[in-house]
Each structure stands twice: as structure tokens, then as C-alpha cells.
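Colleague: Pasting the sequence and the predicted coordinates here, then a few questions.
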Amino acid sequence: MKRLRLSVLAVLAGGALHLPAHASSEAQDRAAGQLVEQIHMGESIYRDDLIQDAVRRLYRIAPEHPEGLAAELRLAVQRGRMDQAQALLARLKAAAPESDAYRQGEALLRLSSGPAAETLTRARLYSAAGRVDEARKAYDEVFQGVYPPADLALEYWQLRAREAGGRPAAVQALTALLRAYPRHAGLLSALAGHSFNDGDPERGLEYLRRLARQPAQRETAANREYEYLSTLPTGAESVAALRSFIERYPDLAVAGRARDRLSHQAALLADPAWRGGREALRL
């Protein structure tokens, strides 16, 4: 399915490159948007080849497209090529000085060295030590309201979710970020956890099932789902949920634990004495 989706994106975007001269800019914008989506998909699953392919196609539509330059800049920083990143930032400033892409690129470069990098390290240490207020102050000082996507933004909003009353705003921000990075494993995991904590398990399970579509994340998603299923009281609902779980993850070790739990619950439900005791408690 992933290959099919990427093929569709490539065909649609590639087709736009051969539009006649009188074709509308709307079609080119649509093709560019699909390629930006591919860039974000590649970043979400850490596939540099997908990012580079999308950037190359994007430049054929618009040679200095801000999102292409920003993606190249992020790759350069990731690889420690700071001179290249500086040159890309200069090109990005010339192409789109007022854009979010430029502001985020500038912030990312600033965070990669010097005092800002030290402040970011201090913020992380405060966060790990549970000193949430001090961590928030350090993060705000270093980010200055600009959160380079997507890992650093996730890091920041996960801290904000730990503040008293901060979870709703954090969940809203993470949900918006997920729309741009729909396959980002960290975002899906974080939102699943918040959904369970907020008493919305159906939404949490949906996030986990989206996460499980990525082979590298399948076991992580299954283990987290089983943790939730283990909290359900024995009954027809829990038995049905366990059966569904085993059907979806028959090859994983956690499915063995689910089978044992299912056998135990099925035996209880078949026991008239146990059912009688449950009915007495209900009454």
C-alpha cells in the first residue's frame, strides 16, 4: 500500500511536469503540494531517498521552491554539513524571506550550534528531571515561537502536555502537526497516549492502527494496544477485542499473551458460577 501511494504521488506530480504552457497555475500548485506531502512522508519514516526524489521533482516545477530548499536544509543539518545548510538558508531567504519555511530553517540552524544549542540541551535536562516549568522557560527562550518540524515540535508540545491544564493545547498542536506529517511515528504514539489518558480509547486505537501500518512500528503499536486491552474487564467486549487483536498480529510474541488471556476469559464466561457472581455484583 505504501508503494502504491508513493507511485500515485509520483505519477500525479510527474504528470504535472508535462502540462502544456497554457495550463493553470492551480494544477502546478496541486502537483507541488503532492510533492511537499512526499517530502513530509519521507521525513516521517526517515527515508532520505524519498525526500531527495520529491525535492528533485519539485525543483522541476519551481527551481527555488521554499519547501524544497527547506527540506534540503534539514537534511544538511542532519548530516552535519553546516556550510551547505548556511548556503541553503541564504537561498531560502532570497526566495521566500517571509515564509514559514525560512523562519523554521533559520531556527533550526540557530539551534544546531552555539548558545542556542546549549540552551536546548539544558531544556532537555530539565525536562528529564521533571522540572517542567524551568524546561518550558528554556524551550521558549530557544525556540522564540518557531518550532522546526517535526521532531523538535513534538518534543516541545509533549513537555507542554505535562503542564497543569496544558494537555488540550498540546493535543491540538500535535494534531495539526500530524496533518502535515501523517506517518510520523512519534506523533501517532503521542496522540494515542493522550487519547487513552483522556478517556477516548477508540481514537487511541485508531492512532495505533495507523502506526501499525509501518512495518518498523508494528510491534510497538501491538504492544501498546495489548496494554489497553489488558485493562478491559472480562466480558463479551473484551473477548471480541482480543480475537480481533490476535487476527491482526498472529505472528508477534504479544499475540501469545493475548491467546492466553482470551482462553482464560472464555473459560470464565463459560462458568455459570462466575457469571452468577458477576450478576450478583451488578445487582
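Modeller: Yes, it's here.
Colleague: What values do phi and psi take at residue 239?
Modeller: For residue 239, the backbone dihedrals (degrees, to the nearest 10) come out as phi -60, psi -40.
Colleague: Just the pLDDT at the residue nearest to it when sequence neighbours are not counted, thanks.
Modeller: Nearest in space to residue 239, with sequence neighbours left out and distances taken as C-beta to C-beta, 6 or more residues apart in numbering, is residue 265 at 5.5 Å. (Glycine included, C-beta is placed from N, CA and C.) pLDDT for residue 265: 93.
Colleague: what's in contact with the one helix or strand residue 265 maps to?
Modeller: According to DSSP states H and E, residue 265 maps onto helix 253-269. By C-beta atoms under 8 Å, 6 or more residues apart in numbering, the residues outside helix 253-269 that reach it are 219, 222-223, 226, 229-230, 234-236, 238-239, 242-243, 245-246, 249, 274-275.
Colleague: and those, which of them are in helices?
Modeller: 219, 222-223, 226, 229, 236, 238-239, 242-243, 245-246, 274-275 (DSSP state H).
Colleague: got the contact list for the residue lying closest to residue 154 once chain neighbours are set aside?
Modeller: Nearest residue to residue 154, sequence neighbours excluded (C-beta to C-beta, 6+ apart): residue 186, at 5.0 Å. By C-beta under 8 Å, 6+ apart, residue 186 lies in contact with 150-151, 154.
Colleague: And for residue 52?
Modeller: residue 75.
Colleague: quick one: it from residue 91, how far?
Modeller: 17 Å (C-beta to C-beta, to the nearest Å).
Colleague: just residue 106 next, same as before
Modeller: Relative to residue 91, residue 106 is positioned 13 Å away (C-beta to C-beta).
Colleague: same check, this time on residue 201
Modeller: Using C-beta to C-beta, one obtains 47 Å as the distance from residue 201 to residue 91.
Colleague: ok, which stretches of the protein are strands?
Modeller: Secondary structure of the chain by DSSP state E: no strands are present.
Colleague: ok, back up a step: just the buried residues of the contacts of helix 253-269.
Modeller: 222, 226, 229, 234, 238-239, 242, 245-246, 249 (16 or more other C-beta atoms under 10 Å).
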